[in-house]
Structures are given as structure tokens and as C-alpha cells.
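*Asks:* Predicted model and sequence follow; I will ask about them next.
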Amino acid sequence: MNSRTNRGRSGRSRNSHAPSASRRRRLPMRYLLPSLLLVALLAMLMLRGYVHSEILADHRVRPPAPTAHVPEKILEGGPVIDTRGGRETTLSVPDHKAVLTFDDGPDPEWTPKVLDVLKEHHAHGVFFVTGTMASRHPDLVRRMVDEGHEVGLHTFNHPDLSYQSTSRIDWELSQNQLALAGAAGIRTSLFRPPYSSFADAMDDKSYPVTKYVGGRGYLTVVNTTDSEDWQRPGVDEIIRRATPQGGKGAVVLMHDSGGDRSQTVAALDRFVPQLQKKGYEFGNLTEALDAPSAHTPVTGVDLWKGKAWIFLVGASEHITDGLVVALAVIGVLVFTRFGLMLLLSAVHARRVRRRDFRWGPQVTEPVSVLVPAYNEAKCIEATVRSLMAGDHPIEVIVIDDGSSDGTARIVEGLHLPNVRVVRQHNAGKPAALNRGLMNARFDIVVMMDGDTVFEQSTVRELVQPFGDPRVGAVAGNAKVGNRDSLIGAWQHIEYVMGFNLDRRMYDLLRCMPTIPGAVGAFRRSALERVGGMSDDTLAEDTDITMALHRDGWRVVYAENARAWTEAPESVQQLWSQRYRWSYGTMQAIWKHRRALVEGGPSGRFGRVGLPLVSLFMVLAPLLAPLIDVFLLYGLVFGPTQKTVAAWLGVLAIQAVCAAYAFRLDRERMTHLISLPLQQILYRQLMYVVLLQSWITALTGGRLRWQKLRRTGVVEAPGAIPRQRTGGHDRRPVA
């Protein structure tokens, strides 16, 4: 992974003047690759649904109809009906010959057992396969042909053809032939309609189908004895029903698929030798009729079409099986995370809210507050004044990182005591923070963003954990100040539920991955031991937090140290921010990967913290959209009620976690109204962002810092910052 990137924020200005053609080349990639992947996955899912008879399947079965228009010779004739070339005749199997036929296969469990029995007794039969099963199990069709059996068509999706149009009938036949071509390189002239029985069961609805299929060159095969093995009446009864009387020839109907066929296999093992002792021969249908083979080799384009079809079906099976496994993984991860968050956050809250709880001696000495600022003219005054309203002694150092909008002049113009401005050429946030550290006078350093405001008690609450000499850093409670828009409300839910519940959990597990840039505090000596803020990654806050863990410092969470930050206001700004976060987190994980094999505190973090961060912050969000993909598929093609119930169950669990998080943070529950919409839309955006981060990481791409446009809407606090009601700055940034 590329771990060294250009952190200068002025890179955005340079890029903004790049040719429009260059932007057009890059811009679609963030949408094109995820969209192509999504389309491919949906196509595989649809293909799997088609070959599993979940899509385009018709399970209607027509009741018996009158027989007035069926010729008498058909009703009283043999089980092989020939309507090819305008003929209307039937054929019968000669005496002492039996043709075993098996419907609905091939089945991966029962068809091999049927084939084994036939091979043992030197018998052949006819397998009327469905295209769905032949497509999924081509090796079994190949075995049938290789062992000398005949194969016939039983349609692709097994519909009652009397309900279907001629175009649907053609489709069912051609798709079934395509599967046979790909599986065994053959075509067949034998056909058995689904739900058929004896010749005298032909009626005014089914016979027109037989005539039409005959016109397409097929022999229609029904039966003379029906084992009714699908009812599982017992081995003896199956044999009794299948046995022809008086030595007559017979087409025997059995099944090698569609359920438990153990009775069929057992009956077949007795039935064949019993009739062989009576002089019966068990051969293929064309052998019994002394006719040419029903099989015709397929070559050329048709053969390659069939092979391509079998390949695509196999790919869809493997891919969707992988998706199901991934869905199971994400289910385990989601429920594990929810369980851990609910349990450990409750333990954390109970511990830190005890009246006798103390981190150690009260921290009263002054602290240095570092505010890195790049073009924060709209926000910086509210930020600095909120610090001045605090109840803990501080010095404020605003590091102007090459701003071009007069940020430094605004701060200097306030003439506030204990507030200094340090100017530097644009070098990026880590360099600005390190510059601030060089100018700080105190041993505890608070860091915040230039678009954030603190409450009166924030600094005091943030530094109290340093009463414990083992604590090297403290994460505060970052909250969304501009939550009056839909995007802001979604981020508010995410901050309260996803971030702060996580921090309580990670605090107890002693592996908190990130001190938020908006509100965090550090022991100066701890920062110096790990080399200060690094620009190796785009997530310097995650990078420094992991470095402190590896150096043996404790990193804790102070829930009452609240800071109100301005969240992105448009989809594009949110995209840019989360892209940087996701990519930076991956960089930090990669940078600190050696912790997995190290000993001491570094090894503990590597074997506890890194896996948790990788699972919950990288893998789980990437797989989470599968929930919605399967939801959509289930709504359209699957068991709708069960699908909706399952999705609502997951949503209910998320709602419980969110409600508990809001209760811990003393937030109004009304913001949770948008939770269902957040889970549907917001998660897809985060998925695409994370996927783009993966692509950037795997291809060694370079991602520059992108400065988000700020509007300065978060005011210096009372308890809750004033929400904006209007103004030109509300327009989305394109």
C-alpha cells in the first residue's frame, strides 16, 4: 500500500486548474468501477435466481380439460407420441422391454445413486432433465451420456406448458438444449412435458402443446406405468406400481430429483433384477423402438454457446455462494459488534458515572490548545471564542497553515488574552500540529479543528483522565452541530451511534483506534516519544493513536468532553471526507501491521486492536450493502414476507443500539426518524467510498488532501449550538 502521500492542502488549488478533460477522465472512476461491480453482482444473482426457478418460474398446474379435440388413436395409443411433420401417431415399446425414465434431474445427491444402480445391473434408461438442473450439474449429464443413457428435455423451468405462449415454449426448449450442449455436447429429440402422465390423459389443453412441440421435431414421451415414487409410498408399493402386467412392454416413470429419493433408489435396486429374471431388457427408448439415437452431436458456435452458458451458470453459483457466505460473515460481524457495543458501553457508562469514580488527582494546571487552520475564516472566530468561554486555564495557539482568506488576521483582530497566532507556509495538518507543539508551553496539549466549538466544560472534562499517569491520550465526544439537514441528521446518528458507542467499547478493550481530530488531548511526553504527528497517512489522528498504543500508553474516552463540529453539507463533500478517512485508516493499519507479530503493548494492540478495526471499520462496511442487495432480490423474486421480516429485524436491532446510544448521550430520539432511510441510502454511499478506497490502495494510487468548504454555522455554545435557519451558504458545494 502506498503510505506516503502529499499532505499539502494547497494541492487542491493546484488541481482545480487542471484541464477539464483530465477531470472527466478521473471523475467517472469513482462511479464507474463500483457501478460495474454492482451490475455484475446483480447479473450473477439474477442468473442464479433464473437457474434456481426463482425468476420467471410459473408453478401453475392446469386441471383436467375435455378431450373432444384429441384423436382417439392418441388417447388409446402408445406412450410415444409422434406429431412430427403433421403426423398424429403413437409408438409402443415391444413386449419384454422396459424403458426406465427419470424426471426432474439431475440431482447431485440422488442421480449418482440411480446411475450406480443402473450400472450395477447393466441397464440403461432415459433421463428427462430440466435445464435448470442440467445447467447447475453438467458433470452428471455428461456421465449419463458417457454411460450410454439417453437424455430428453423436460423444459428449462418446469412450467405447465398449456399455460404458456408458443414463444415461451420455444424458449423453454431452446434453453434446455443450450444446457445439454454445454454439458455434454449433444442435442436430443426426446421431450416429456411437465405434469404429464399417460396417453389417455391428453386433453384439449395439453394436446395442442404436443402437436406444436412435434412440429419442432420432438417425440413426446409419456408413460405406461407410474411408480408414483414422489409420494414416497414405500419400496414395495413403488415396485408394484412400476411393474408392467403380462410381459407387456413399458415406459416406467420414476424421479431422480425433487426431494428424498432414497425409496426410489432402493426400489430400483430390486425392481431391475426382478424384471430381468422375467426376461425383460432395460435399454434406451430408441433401442427399444429400433430407431436412430435421439442424440445429435453439437459443434461449432452452438457448442461454444452452450459451454459459455455452463461457465456463466457455474460462475454465478460460486459468486452467489460467496455472497451468501459474505452475508453470513457480515451478519456475524454486525451482531457481534452490536452485542459488544451494548454490553461494553453499558459497563463503561456505569463505571465512569459512579459518584466515586476518579481518574486520579484532579487536573487543574493550564493546558495548551492547538488549532490548525487553513482557510477557516468563516469558523475561526466562533472556535476561538468558545475556548475563551471555557472554565479551565488554557493558552490557545492558532497555527495558520498558509491560509489565503485572512484567517490569521481575524484571530489577531480579536485581541484576546492567551491567544497566539503562528504562521507557516502551507504544509498540511500534521506539520501545523507539530509547529504548534514546538510553541506550546504546557505539558498537556488539546487539539481541535478550526471548524469546531467547545462547550464551557469541554477542556476541563477532556484533561481529567491525565490524572492517571498511564493515560497518554484522551478522545472527546465529537457531535454534529449542523444536523438540521438530512445529510447532517444521518451523520448525527452515525456520530452518536457508530463513533461514540464504539469508543466506549474500544476504551474498555484498551484498543481505541482514533482520537478524533475535532476533540482530543495528548500528554506531550507521549507525543514526543513516538515522534509527534506523522504525515505518513491521510488519517494522522488514527496513525498517532495507534502509535501511542504500541508505545504502551492508555487511550481513553471522556464522554462529557463535548465538541460541536461542522459536518459536510453535500454528498460530494461527504464523499471527499469519508474517502480520505477510509483510505487513511487503511494506510494506518498497513503502517502498523508489524504490531501483529510484536510483543508487549504493541503486540497486544496488534492482535486485539488491528483485527477489530479491520473487521468493523474496513470489512464490515464493505460487505454491509449485501443486506440491501438480498433485500431487493427477496422483495422482487423471493419470499417477500420473510425477507421483509428479516430486514426489519436487523433494522430493529440497529434501532435499539441507536436508541441506547442516544440515551447515553442524552440526545433527542426524534433524530432517529431518519434511521431507516439512513440504512438504505447512506450505507450505499459509504460502501462506494470504501470500495473506491480499496481500489486506490490496491492500485497504489495517490490521494491528496481535499479542503472541505465551511459555512461557519456552528455557534459558540450554550448547551446545544444554534442551528442555522437560512442564508446563502446553505447551498451544496458542487
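*Replies:* Perfect, thanks for sending it. Computed from a predicted structure; not experimentally measured.

*Asks:* hey, let's count contacts and neighbours off CA atoms from now on
*Replies:* Noted.

*Asks:* Give me the most central residue, this protein.
*Replies:* Against the mean C-alpha coordinate of the chain, by Cα atoms, centre = their mean, the closest residue is L626 at 2.5 Å.

*Asks:* which SS class is the residue nearest to it when sequence neighbours are not counted?
*Replies:* Computed as Cα to Cα, 6 or more residues apart in numbering, the closest residue to L626 that is not its neighbour in sequence is L327, at 6.2 Å. For L327, the assignment made with DSSP: H, G, I helix; E, B strand; the rest coil gives helix.

*Asks:* Next: the one 3 residues further on.
*Replies:* Per three-state DSSP, the local secondary structure of I330 is helix.

*Asks:* how close does it get to T585?
*Replies:* Look at I330 and T585: by Cα to Cα, to the nearest Å, they are 20 Å apart.

*Asks:* Between those two, which is the more surrounded one?
*Replies:* T585 (26 against 23; other Cα atoms under 10 Å).

*Asks:* which strands and helices sit next to the helix or strand containing W171?
*Replies:* Taking DSSP states H and E as the criterion, W171 maps to helix 166-184. In this structure, helix 166-184 packs against helix 131-136, helix 138-146, strand 150-153, strand 186-188, helix 300-352, with contacts taken as 3 or more Cα pairs under 8 Å, 6 or more residues apart in numbering; DSSP states H and E.

*Asks:* Looks like the residue nearest to the centre of the chain contacts T320 (just checking).
*Replies:* No. Assessed by Cα atoms under 8 Å, L626 is found out of contact with T320, at 10.7 Å.

*Asks:* Find residues that contact each of those two.
*Replies:* Among the neighbours of L626, none is also in contact with T320 (Cα atoms under 8 Å, 6 or more residues apart in numbering).

*Asks:* circling back to that earlier point, quick check: buried residues in the helix holding W171?
*Replies:* 169-170, 172-184 (16 or more other Cα atoms under 10 Å).

*Asks:* Can I get the helices and strands packed on helix 166-184 in a markdown table including mean pLDDT and distance to M254?
*Replies:* Output for the helices and strands packed on helix 166-184, formatted as a markdown table (pLDDT from 0 to 100; distance: least, Cα to Cα, whole Å):
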| stretch | mean pLDDT | distance to M254 |
| --- | --- | --- |
| helix 131-136 | 96 | 17 |
| helix 138-146 | 97 | 16 |
| strand 150-153 | 98 | 14 |
| strand 186-188 | 97 | 20 |
| helix 300-352 | 88 | 26 |
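
*Asks:* can you pull the contacts of A242?
*Replies:* T225, D226, S227, V252, L253.

*Asks:* Recalculate using a threshold of 10 Å.
*Replies:* 100, 224-229, 250-254, 267-268, 271 (Cα atoms under 10 Å, 6 or more residues apart in numbering).

*Asks:* which residue sits closest to it in space, ignoring its chain neighbours?
*Replies:* Per Cα to Cα, 6+ apart, closest to A242 is S227, 4.5 Å.

*Asks:* Burial check on that neighbour, number of neighbours?
*Replies:* Applying other Cα under 10 Å, I find that S227 has 22 neighbouring residues.

*Asks:* who's in contact with it?
*Replies:* Residues in contact with S227 (Cα under 10 Å, 6+ apart) are 233, 235, 237-243, 252-255, 264, 267.

*Asks:* Output stretch 657-671 as PDB, nothing but the C-alphas.
*Replies:* This file holds the C-alpha atoms of stretch 657-671, laid out as PDB (Å, rounded to 0.1, in the frame of the first residue of the first chain):
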ATOM      1  CA  CYS A 657     -28.500   0.200  19.600                       C
ATOM      2  CA  ALA A 658     -29.100   3.700  18.200                       C
ATOM      3  CA  ALA A 659     -31.700   4.500  20.900                       C
ATOM      4  CA  TYR A 660     -29.400   3.300  23.600                       C
ATOM      5  CA  ALA A 661     -26.600   5.400  22.200                       C
ATOM      6  CA  PHE A 662     -28.800   8.400  22.100                       C
ATOM      7  CA  ARG A 663     -29.900   7.800  25.700                       C
ATOM      8  CA  LEU A 664     -26.300   7.600  26.900                       C
ATOM      9  CA  ASP A 665     -25.500  10.800  25.100                       C
ATOM     10  CA  ARG A 666     -28.800  12.400  26.300                       C
ATOM     11  CA  GLU A 667     -29.900  13.200  22.700                       C
ATOM     12  CA  ARG A 668     -33.400  13.600  21.500                       C
ATOM     13  CA  MET A 669     -34.900  10.500  20.000                       C
ATOM     14  CA  THR A 670     -36.700  12.400  17.200                       C
ATOM     15  CA  HIS A 671     -33.500  12.400  15.200                       C
END
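
*Asks:* Okay, and A266 sits in which element?
*Replies:* If you go by DSSP H and E, A266 is part of helix 262-277.

*Asks:* Can you pull out the residues in contact with whatever helix or strand comes next after that helix?
*Replies:* Scanning forward in sequence from helix 262-277 by DSSP H and E, the next helix or strand is strand 281-282. With contact meaning Cα under 10 Å, 6+ apart, strand 281-282 is reached by 95-100, 118, 121-125, 249, 272, 275-276, 288.

*Asks:* Quick one, grab the pLDDT at the residue lying farthest from the centre of the chain.
*Replies:* Most distant residue from the mean C-alpha position of the chain: G246, 61.7 Å away (Cα atoms, centre = their mean). G246 is assigned 91 on the pLDDT scale.

*Asks:* of all the contacts of S227, which comes closest to Q641?
*Replies:* H255 (31.7 Å; Cα to Cα).

*Asks:* hang on, the earlier thing: so can I have a markdown table of the helices and strands packed on helix 166-184 showing distance to P112?
*Replies:* A markdown table is the format used below for these (distance: least, Cα to Cα, whole Å):
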| stretch | distance to P112 |
| --- | --- |
| helix 131-136 | 13 |
| helix 138-146 | 7 |
| strand 150-153 | 15 |
| strand 186-188 | 20 |
| helix 300-352 | 19 |
